[in-house]
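Asker: the amino acid sequence is not available; the structure is as follows:
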């Protein structure tokens, strides 16, 4: 084991107490999906139904928190009416949901009064920027560079409630604006106590806290699913509608939640066919109507860190292993046009010279999501077309097509699209062997939280096999593997196999 691995291990263990998150509800194992990988391999539709059940349980839990968001709605309305701006921040899945909501706001109201950002800028919409979310000062910096000032309102979202970057944005906003920021998360306050950065947030009277615990995730720690759905719904209800009073707000909140309950089982043939294409060494190109593209991009890019898949290839760089799937925006002919149609604005990229990688606008445009980008992909390819016309959404892959009448409320369409694609892509990964039971065994440890998660999963699997190692021993093995591991390899299982 190298001296670098020992040094990295020491540095992590010095701060590990602030990243040992196994006690969090969002990191726990859901009883409904305990045998999900086995169920999927026996009958895909039954696995999809289990994921549907977990979504519905989360929505039921969310229904109890509706009245608590009336104040957020009022603060948003006051901020916008006063000519100020609403900012939204997040990391990973919460950063992507913030960008979805900004895009929907721009489509509906044709104004730029809402500004969303995620750790690493818009580059991170495609590929997470390693360790960026661990830096509170980066949260301060991105917020202020985007022009946040007194009178503006920040809505900070963090599935777990402990992400340093997002906490940093809330802390900075509380110092800059008389409009108190919101910090919204999916764990009970009591489980966050003991984490220094969370204690500071919980005790700060200038930050408005909203805890919305909606249960465990369908796949342990996969907060891109139920937690981010709950956060997207709660904030979207406050941002995208006009309500006369608290009663009409609560009624709309409740009725919209009920509308989100629908069956996933009928999607199984599309899930099975996508798996078959991957087994045949083919790639899948998702081709989307512009108004749907941002949520499809979110699902396809989030597969990479969750399941250790190769991320979208950047066409500026040669000799990259292609991503299994990619997103292309229908009716666009250049990378600039593709991104404009996706976000309803030009990308906001970071040109910071003091970070160890290039994530500027040139790099963002290297991800060519226009229809021209298809020609840059390795063949053979299959097209998965998703279109929306007059309230009817259509999914077509090969000779299989499914249509749903989801109506004309684009926010509700995106929520349903997110939920269904999350279940679909998770099932695809289960059928490809990318998780065990409901354990995220292919997680990529790209930040401190995920290093801890990887260590916990390794210890759990080793314990099941009658092998006992210390947390410290496992962390050292993780950093040793990180020196040579490839993007598409499972560090959890590699460490287990080495032991």
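Answerer: Great, that's in hand. The structure presented is a predicted model; accordingly, all values stated were derived computationally and were not measured.
Asker: separation between residue 161 and residue 94?
Answerer: 11 Å (CB to CB, to the nearest Å). Any C-beta I mention is one placed from the backbone N, CA and C, and that applies to glycine too.
Asker: can you check residue 487 too?
Answerer: Distance from residue 487 to residue 94, by CB to CB: 23 Å.
Asker: more crowded one of those two?
Answerer: residue 94 (31 against 15; other CB atoms under 10 Å).
Asker: residues touching that one, list them.
Answerer: For residue 94, the contacting residues are 118, 157, 158, 159, 163, 166, 223, 228, 231, by CB atoms under 8 Å, 6 or more residues apart in numbering.
Asker: what number of residues lie near the fourth one?
Answerer: Read that as residue 159. Residues near residue 159, counting by other CB under 10 Å: 32.
Asker: dump the residue contacts of it.
Answerer: Per CB under 8 Å, 6+ apart, neighbours of residue 159: 26, 93, 94, 185, 186, 223, 227, 228, 231.
Asker: enumerate every residue touching the last one.
Answerer: Pointing back at residue 231 there. Contacts of residue 231 were listed using CB under 8 Å, 6+ apart, and they are 94, 97, 157, 159, 184, 186, 212.
Asker: quickly list what the third one is bridged to.
Answerer: The reference is to residue 157. Counting by DSSP bridges, residue 157 is bridged to residue 184.
Asker: does it really touch residue 185, like I thought?
Answerer: Yes. Counting by CB atoms under 8 Å, residue 157 touches residue 185, with 7.3 Å between them.
Asker: between the two, point out the one with more neighbours.
Answerer: residue 157 (33 against 28).
Asker: doesn't residue 78 belong to a helix?
Answerer: Yes. Under DSSP: H, G, I helix; E, B strand; the rest coil, residue 78 sits within a helix.
Asker: distance of it relative to residue 204?
Answerer: On the measure of CB to CB, residue 78 and residue 204 end up 21 Å apart.
Asker: hang on, isn't residue 478 packed against residue 494?
Answerer: No. Using CB under 8 Å, residue 478 makes no contact with residue 494, being 9.4 Å away.
Asker: quick one, which of the two is more surrounded?
Answerer: Each of residue 478 and residue 494 has its neighbours counted (other CB under 10 Å); residue 478 has more, 25 against 17.
Asker: how far out from the middle of the chain is the helix or strand encompassing the more buried one?
Answerer: In this structure, residue 478 sits in helix 471-482 according to DSSP states H and E. Offset of helix 471-482 from its chain centre (CA atoms, centre = their mean, to the nearest Å): 26 Å.
Asker: can you list the buried residues in that helix?
Answerer: Across helix 471-482, burial judged by 16 or more other CB atoms under 10 Å covers 473, 474, 475, 476, 477, 478, 479, 480, 481, 482.
Asker: and for stretch 230-248?
Answerer: For stretch 230-248, using 16+ other CB under 10 Å, the buried residues are 230-241, 243.
Asker: what of stretch 299-319?
Answerer: 299-309, 311-315.
Asker: just stretch 146-164 next, same as before
Answerer: Across stretch 146-164, burial judged by 16+ other CB under 10 Å covers 146, 148, 152-164.
Asker: which ones among those residues lie within strands?
Answerer: The strands, defined by DSSP state E, take in 153, 154, 155, 156, 157, 158 from these.
Asker: run the chain-centre distance for stretch 164-171.
Answerer: Distance, centroid of stretch 164-171 to centroid of chain: 17 Å (CA atoms, centre = their mean).
Asker: check stretch 38-51 too.
Answerer: 23 Å.
Asker: let me see the mean pLDDT of that stretch.
Answerer: Mean pLDDT, stretch 38-51: 98.
Asker: buried residues in it?
Answerer: 39, 40, 44, 45, 47, 48, 49, 50, 51.
Asker: does anything pack onto the longest helix along the chain? Which helices or strands?
Answerer: When the chain is scanned for its longest helix (criterion: DSSP state H), the result is helix 410-431. Counting by 3 or more CB pairs under 8 Å, 6 or more residues apart in numbering; DSSP states H and E, the packing neighbours recorded for helix 410-431 are helix 36-42, helix 44-62, helix 93-109, helix 226-239, helix 268-279, helix 293-307.
Asker: what about it, distance to the chain center?
Answerer: 12 Å.
Asker: after it comes which helix or strand?
Answerer: That would be, after helix 410-431 and using DSSP H and E, helix 448-464.
Asker: now do that following helix: everything it contacts.
Answerer: So helix 448-464 is in contact with 12, 15-16, 18-22, 27, 131, 133-134, 160, 162-163, 220-221, 305, 436, 439-441, 443-445, 468-469, 471, 474-475, 477-478, 491-493, 495-496, 499, going by CB under 8 Å, 6+ apart.
Asker: how big is the angle separating it from helix 293-307?
Answerer: Here the directions of helix 448-464 and helix 293-307 differ by 50 degrees (axes from the mean of the first three to the mean of the last three CA atoms, to 10 degrees).
Asker: please report phi then psi for residue 87.
Answerer: Dihedral angles of residue 87 (phi, psi; degrees, to the nearest 10) stand at phi -110, psi 150.
Asker: bridged to the closest residue to residue 373 other than its chain neighbours, which residues?
Answerer: Using CB to CB, 6 or more residues apart in numbering and skipping the chain neighbours, the partner closest in space to residue 373 is residue 328 (5.6 Å). For residue 328, the residues forming beta bridges with it (DSSP bridges) are residue 287.
Asker: near residue 328, how many other residues are there?
Answerer: Counted with other CB under 10 Å, residue 328 comes out at 23.
Asker: separation between it and residue 193?
Answerer: As judged by CB to CB, residue 328 and residue 193 stand 46 Å apart.
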